[in-house]
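Asker: structural data only, the sequence is not supplied:
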(Lines give C-alpha, C1' and ligand atoms only; values in the text may rest on other atoms or scores of the structure.)
Protein backbone atom coordinates (compact mmCIF):
# COMPACT_ATOMS: atom_id res chain seq x y z
CA UNK A 1 0.00 0.00 0.00
CA UNK A 2 1.41 3.35 -1.08
CA UNK A 3 0.68 6.15 1.36
CA UNK A 4 2.23 8.89 -0.79
CA UNK A 5 2.34 12.37 0.67
CA UNK A 6 1.27 11.24 4.16
CA UNK A 7 4.35 9.01 4.55
CA UNK A 8 6.58 11.68 3.04
CA UNK A 9 5.23 14.25 5.51
CA UNK A 10 5.78 11.89 8.46
CA UNK A 11 9.34 11.20 7.34
CA UNK A 12 10.03 14.93 7.06
CA UNK A 13 8.67 15.57 10.57
CA UNK A 14 10.73 12.70 11.97
CA UNK A 15 13.77 14.21 10.25
CA UNK A 16 13.17 17.56 11.91
CA UNK A 17 12.73 15.87 15.31
CA UNK A 18 16.01 14.02 14.73
CA UNK A 19 17.78 17.28 13.88
CA UNK A 20 16.39 18.92 17.02
CA UNK A 21 17.64 16.04 19.18
CA UNK A 22 21.03 16.14 17.44
CA UNK A 23 21.22 19.91 18.02
CA UNK A 24 20.29 19.48 21.66
CA UNK A 25 23.10 16.98 22.13
CA UNK A 26 25.54 19.22 20.21
CA UNK A 27 24.61 22.21 22.38
CA UNK A 28 25.05 20.25 25.61
CA UNK A 29 28.40 18.86 24.45
CA UNK A 30 29.65 22.28 23.37
CA UNK A 31 28.79 23.76 26.75
CA UNK A 32 30.44 20.82 28.49
CA UNK A 33 33.62 21.09 26.38
CA UNK A 34 33.87 24.90 26.53
CA UNK A 35 32.37 26.05 29.85
CA UNK A 36 32.65 29.65 30.90
CA UNK A 37 30.84 32.90 31.46
CA UNK A 38 29.16 33.79 28.24
CA UNK A 39 26.24 36.20 27.93
CA UNK A 40 23.84 33.59 26.61
CA UNK A 41 24.31 30.84 29.11
CA UNK A 42 23.42 27.19 28.90
CA UNK A 43 19.95 27.54 27.35
CA UNK A 44 21.07 29.85 24.53
CA UNK A 45 23.94 27.50 23.69
CA UNK A 46 21.47 24.62 23.36
CA UNK A 47 19.09 26.73 21.25
CA UNK A 48 21.96 27.69 18.92
CA UNK A 49 22.87 24.01 18.60
CA UNK A 50 19.28 23.11 17.73
CA UNK A 51 18.99 25.96 15.21
CA UNK A 52 22.26 24.96 13.56
CA UNK A 53 21.20 21.35 13.29
CA UNK A 54 17.80 22.23 11.79
CA UNK A 55 19.31 24.65 9.25
CA UNK A 56 21.98 22.12 8.32
CA UNK A 57 19.40 19.37 7.98
CA UNK A 58 17.19 21.52 5.76
CA UNK A 59 20.16 22.45 3.57
CA UNK A 60 21.04 18.78 3.14
CA UNK A 61 17.41 17.83 2.51
CA UNK A 62 16.87 20.40 -0.25
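Answerer: That came through, no problem. Since we're looking at a predicted model, the values are computed, not measured. Numbering: from 1, shown residues only.
Asker: excluding its backbone neighbours, what's nearest the spatially most central residue of the chain?
Answerer: Taking C-alpha atoms, centre = their mean, the centroid of the chain lies closest to residue 20, which sits 2.8 Å from it. What sits nearest to residue 20 in space, not counting adjacent residues and going by C-beta to C-beta, 6 or more residues apart in numbering, is residue 50, at 5.4 Å. Just so you know, the C-beta spots here come from the backbone N, C-alpha and C atoms, and that holds for glycine as well.
Asker: surely the one you found is in contact with residue 25?
Answerer: No. Counting by C-beta atoms under 8 Å, residue 50 sits too far from residue 25 to count as a contact (9.7 Å).
Asker: between the two, which has more neighbouring residues?
Answerer: Counted by other C-beta atoms under 10 Å, residue 50 and residue 25 do not tie: residue 50 has more neighbours, with 19 against 14.
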